[in-house]
Each structure stands twice: as C-alpha cells, then as structure tokens.
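**Student:** Just need the structure, nothing else, for what follows:
(3 chains)
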Amino acid sequence: MANLKIGRLIMRSLFKKPTTKMYPVVAPVWKENTRGHIVVDMDACIFCGICARKCPTDAISVDRETKSWAIQRMLCLQCGCCYEVCPAKCLANAHDYTQPNAEKVTDEYTQSDKVSESGSSPG
Amino acid sequence: MAKRTIIPFGPQHPVLPEPIHLDLVMEDETVVEAIPSIGFIHRGLEKLVEKNEWPEMVYVIERVCGICSFGHGWGYCKTIEGNMGVEVPPRAEYLRTIWAELGRIHSHLLWLGLTADGFGFESLFMHTWKIRETILDIFEETTGGRVIFSICKVGGVRKDISNEKLSEISEIIGNLKVELSELTDVFLNDVSVKNRLVGVGVMTKEEAVEFGAVGPTARASGVDNDVRRDGHGAYGELSFVPIVEAEGDCYARCKVRIREIFQSMNLIRQAVKQIPCGAVSVVVKGNPSGEYVGRMEQPRGEAYYYSKGSGTKFLERIRVRTPTAANIPALVHLLPGCDLADVPMLVLTIDPCISCTER
Amino acid sequence: MIERKDLISDFASIGADELLDAAQDFKGKGYRLGQSCATKIPDGIEVLYSFERDNVIKNLKVTIDDKAPELRSVSAVYGYAFMYENEMHDLFGIKFKDLSLDYGGKFFKIAMETPWNPALVKGGDE
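**Tutor:** I've put the predicted structure just below:
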C-alpha cells in the first residue's frame, strides 16, 4: 500500500456521494451566462438582415417580403454574434441547449402569427 | 540484422484523441524509424477569411482548437490589434490573462488525465478530470461557454467579471490547489507511474533547439522559452519565472505541466489582486490594412498568428501556426530507439493537437 | 513592468535566391524559425518566413510567380521547416527544391490540388 499513492483518495471516494449527476432525472442548473439557443421576439424584428449577414455559419435567413426569420438550429454555433449586432435587440440567448435530433431542424418564425412551423429542410 | 516490419500506428488508436498516422519501422520491439503523416482533417479554416468579415472571424479562429480556444481567440485579436494599432484597456488585458491561465489549467489537467489513461491508470484519469470540471464551470459562469468561449473581441473582451466574482474564482482556485496537490503526489511519486515515465524518450536541450520544439515539451528539456515573457497581456505586470526542467524525459514533461498548473493558479491569484478598474473594450474603427505577426503562449506551446489586411472588411490572409506543428518534428526524432510499448507515451507527452495543426 | 517586445513589427523583402543565405545568417545568429506561410497576392505568391530570438520576431518576405511557383527549401538550414513547406506545397502548389522530407503532395489529404492558388487550379470555377 505504501506505493499506491492514490489509495487514500480512492478509499475516501468509496464513502462519498458520486460527483456526477443523474442527468435526465436531475435537471442541469444553467449558469447565468450559459449560451444555449437563440430566441427571437418577432414583434420587435425590423427585418434588417444584419444577423443573417454577420452569422459566421450562415445559419440565419431573413426574408423581408414574407416577414419571416428562420434559423437552422443544427448550424448555429451559439457564438452570440447575432444578438450582439441586432439593432432592434429582438434576439436573445436562452440557457437550455437545442435538443438533439436525427434531422436537421430549421425553425421559421413569421411576424403575424409568431411560431408558424418547424420542420426539416436544408438541402 | 533482424527482420524489419512496419507497424501502422493510428489514425485510429485508443490513446490518440486525434488522427495522426505514424508508420513505425520496427526491428523486433524497437522502433528504428517513424514517418508521420497528418492531413486527415484539414478544414481550411484560414480560407474562411474570404467569407467572414474580420470582426466575425474571431468565432472561426476560436474553433481551430477546442482546448486552447481562448488562446486562439486572443491570438487572433492580438494580431488584428497589432495590425491596426489598437490599444486595449488594461482591465481587458487582465481579464484575458485570467481566462488564458484558466485555459492553461484546464488544458494541462486534460492532458494529465489523458496521459493517466494512456498508461492505464483509469482512476487517476477520472480524478484529474473531476478537478478539470470545476474550471469548466468557472468558464461557463463567466463566459457562457464551457469549451468555446466567444468572449474575446478585437479591442477588448465582450463581458466583464465583477470583482466579487473574481475573488470567488480566486478562492475556488485556492481550494483546487489542495485537491491537486494530492494528485501531484500520485503523478510524481507513484512507483507504477514512474515506471512508465522516467527515462523514457529523452530529448536533450540541443535536440530540442535543433528540432524546434516549443512549449512544455521544450521546457522539459531545459530550453527556457516562454512567450509570456514578451510582456503581452498583463504578464508584464505579474511576477513569474518560466518552469524549466533539465531531464527531457516523459517524466520531466509531466512535471513541467503539473508545475505549470500551480504557476497558473498563482498567476490568476496575482491578477485578481492587481486588476485595475475601467472599461473592458474600446470601439475599433476602420479596417486593418497592414500586416503583423503575433505570438501567444498556448498551453501546448508557442503559437504564431499572421494577419495581412487589405483595407476592406475582409482580410487578405490569416495564418495560425499551432504549437503541435512545431513539436511533430521533435516527436519524429524522439521515436527511433524506443520500445513499441512506449510509443503511445511519447506521442502523448508532446500533447499533440492534430486538428489545430491542420486547421 | 517589462518592455512590450511583441509590438515590434519587422518585415523585409528579399529576392528568392537570397533566401537560403539569409536563413543561414539567422541561424548563425541564434534565431529560430518560427513559422512560414504563403499568401496569394494579385500578381504572385508571397512567402513569409518568421524568425525569432529573445522574443523579437524578424520576417523575411519572398515574392514568387504564381503560375510556376518554385523556391529553394530552407529545410537544409532549419530541418523542421519541412512541415510548413509541405503544407505550402499542398495548398499553393509551390515546388520546394531540396526538401529534406518531401511528401510529394500527400501531406494533406484534400480533394483538389492546390486549392488556395487559383492560378493553378484546373477546371476550377475561379
């Protein structure tokens, strides 16, 4: 035992509660700054398209004519660039992460009736 | 002469987190020649400057590496700031220094864990990564990301850390020091660990210089090079001495990294004590038009950043030379003469990051 | 407070045939080769070599033709330059003479040859 330097640490760990959390059962605690996913307040959006132009991955597309704003969730890398440059401050960060999915999800929002549809697409 | 065999090592190998392929020419159990080949994951990130405007390019450059991402973000900002002659407010420089040192702690802990896993000490690996988790939590609280921070911007940083939060971080770091001391004892004094590390893969000082090794790999061979001493960030106002070991074997490389974790903790506590008040960013006007070569001390070693502006929103060229690119020639020189069983240890102790190297 | 050596920016242009001598000169003075990279400029390719000693960086710039880029390798002086030169060969198509370890275009496994040098791309859309 003299050479097993980690012995004491292991013995102590035996009688301690696990450090890990039972994830789906115990909900994760989001930190104040955690970047999870982008939310949009469509009533405030002015369809300037700056977010779409600045997005490093081109995940956002804005259509002024149909008054719609769409984001490809799987392309978004949560850098926070869009809500930083947004002049109308209609974009914000939400703490929880985008849910994993077998398909690439595009969320489209239009101004008149907030959430209109969500489905798979990018070609 | 014994019969020669070629054993392919990688790109998929249990000890390798990333794809590097080595053709090992063996004579019995001994390596006589090693031919590296990389290039499995060239992503062409540097080419993206043609598509992304320079203020947004920082998000791309950060993603060169998932471990030293803060350092890459800072390095990019530094080369653009040098290009345009922007002066960064002192508080921002201190915050960057604190984050960079936190990044160094988390990178070195990751490395220690991987090395423990590499020589088959699973529980040591788990305990090391448990400590690392605390650092990731600090990152998440202060920047919003656990590995990719998107916090650095040209002209400063995007978020401030309140002074209360800073002293809290300093306290957490103090507690970690106690926890880490226990693991240090295992890494440096345990017989089974020493059996795998002491005297394996010795690189002399002359060899380290000749093959251009950088960072902890070079410092473990007695080469006293540390980019932090050129005075960038807040390093000019903090007191520290680069950690140098003379032996040059795997054990020395391990020791350098452990001692560097304690050094980083010390630097963070110093920086928290000295941090000045004030703004954390300045508004940058205009576009870069000159060129500039900047250097950063990443956890893995010295990295180069070259930017060439064109006077427009789009840069002409951005180039990142990562530490692993400089350490691979040294690794290739180290391998001949060692046992096949030691190859994983040698590859791991230069802390390879192949995705960085290829970008 | 120590002097900010990182703010010094030193670039010098030299001819392609002087490069090896200049590198030898730098090595004699105790400089390390920090990095080297190529940049596509409108009328050719610019190859940059950065040397470092005591935290001061000195850069040498060589401009070569982009249709048939060729340069003498500095790997005879700095052995580890083969990493950078093979990379430049694969991305820009620069042929390096006397390269110490030549991968012959197999350093990076990429889908097309010389992707970053439009002058050499065959059938490309640029």
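
**Student:** which residues in chain C form helices?
**Tutor:** In chain C, the helices defined using DSSP state H lie at C:19-28, C:82-92.

**Student:** Packing partners of the shortest one?
**Tutor:** This means helix C:19-28. Taking 3 or more Cβ pairs under 8 Å, 6 or more residues apart in numbering or on different chains; DSSP states H and E as contact, the helices and strands that helix C:19-28 lies on are strand C:44-53, strand C:56-64, strand C:70-72. Any C-beta I mention is one placed from the backbone N, CA and C, and that applies to glycine too.

**Student:** what about the longest helix in chain A?
**Tutor:** Assigned via DSSP H, chain A shows its longest helix as helix A:7-14.

**Student:** check whether the helix or strand where B:Ser307 lies contacts chain C.
**Tutor:** Using DSSP states H and E, B:Ser307 sits within strand B:301-308. Yes. Strand B:301-308 lies within reach of chain C by Cβ under 8 Å from any Cβ of the partner chain, at B:Glu302, B:Tyr304, B:Tyr306, B:Lys308.

**Student:** Output those residues as CSV; include the columns distance to chain A.
**Tutor:** Shown next, in CSV, are those (distance: Cβ to the nearest Cβ, whole Å):
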residue, distance to chain A
B:Glu302, 27
B:Tyr304, 23
B:Tyr306, 21
B:Lys308, 20
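
**Student:** ok, back up a step: any idea which of the helices of chain C is most buried?
**Tutor:** Stretch with highest mean neighbour count among those: helix C:82-92 (a mean of 24; mean count of other Cβ atoms under 10 Å in any protein chain shown).

**Student:** and the angle from that one to strand C:56-64?
**Tutor:** With axes from the mean of the first three to the mean of the last three Cα atoms, to 10 degrees defining the directions, helix C:82-92 sits at 40 degrees from strand C:56-64.

**Student:** Distance from helix C:82-92 to the middle of the chain?
**Tutor:** Relative to its chain's centre, helix C:82-92 lies at 8 Å (Cα atoms, centre = their mean, to the nearest Å).

**Student:** just stretch B:321-338 next, same as before
**Tutor:** Centre-to-centre, stretch B:321-338 and its host chain are 15 Å apart (Cα atoms, centre = their mean).

**Student:** State the pLDDT value of the closest residue to B:Leu109 other than its chain neighbours.
**Tutor:** Leaving aside its chain neighbours, B:Leu109 sits nearest to B:Arg132 (4.0 Å; criterion: Cβ to Cβ, 6 or more residues apart in numbering or on different chains). You'll see B:Arg132 listed with a pLDDT of 89.

**Student:** hang on, B:Arg132 in a strand?
**Tutor:** No. Using DSSP: H, G, I helix; E, B strand; the rest coil, the assignment for B:Arg132 is helix, not a strand.

**Student:** pretty sure it contacts B:Arg104?
**Tutor:** No. At 11.9 Å, B:Arg132 does not count as touching B:Arg104 under the criterion of Cβ atoms under 8 Å.

**Student:** okay, those two: which has more neighbours?
**Tutor:** Higher neighbour count among B:Arg132 and B:Arg104: B:Arg104, with 29 against 20, using other Cβ atoms under 10 Å in any protein chain shown.

**Student:** my read: the more buried one touches B:Gly301, true?
**Tutor:** No. At 11.2 Å, B:Arg104 does not count as touching B:Gly301 under the criterion of Cβ under 8 Å.

**Student:** And the residue of chain A closest to chain C?
**Tutor:** Of the residues in chain A, the one nearest chain C is A:Asp58, at a distance of 18.9 Å by Cβ to the nearest Cβ.

**Student:** I'd assumed A:Ala52 was in contact with that residue.
**Tutor:** Yes. In this structure A:Asp58 lies within contact range of A:Ala52 using Cβ under 8 Å: 7.5 Å.

**Student:** So these two - more neighbours on which side?
**Tutor:** More neighbours surround A:Ala52 than the other of A:Asp58 and A:Ala52, with 18 against 13 (other Cβ under 10 Å).

**Student:** ok, now which ones touch that one?
**Tutor:** For A:Ala52, the contacting residues are A:Asp58, A:Ile60, A:Ser61, A:Val62, by Cβ atoms under 8 Å, 6 or more residues apart in numbering or on different chains.

**Student:** what do you get for C:Ile64?
**Tutor:** Residues near C:Ile64 by Cβ under 8 Å, 6+ apart: C:Ala16, C:Gly44, C:Ile45, C:Val47, C:Glu70, C:Leu71, C:Ile94.

**Student:** Quickly list what it is bridged to.
**Tutor:** The partner list for C:Ile64 in beta bridges (DSSP bridges) reads C:Ile45.

**Student:** so how far is C:Ser36 from it?
**Tutor:** Using Cβ to Cβ, to the nearest Å, C:Ile64 is found at 13 Å from C:Ser36.

**Student:** cool, and B:Arg359?
**Tutor:** Distance, B:Arg359 to C:Ser36, using Cβ to Cβ: 15 Å.

**Student:** C:Phe108 and B:Glu46, how far apart?
**Tutor:** In terms of Cβ to Cβ, C:Phe108 sits 12 Å off from B:Glu46.

**Student:** on that earlier part again, quick one: which of the contacts of A:Ala52 is nearest to chain B?
**Tutor:** The shortest gap between chain B and any of the contacts of A:Ala52 belongs to A:Asp58, at 8.6 Å (Cβ to the nearest Cβ).

**Student:** That's all I had, so thanks and see you.
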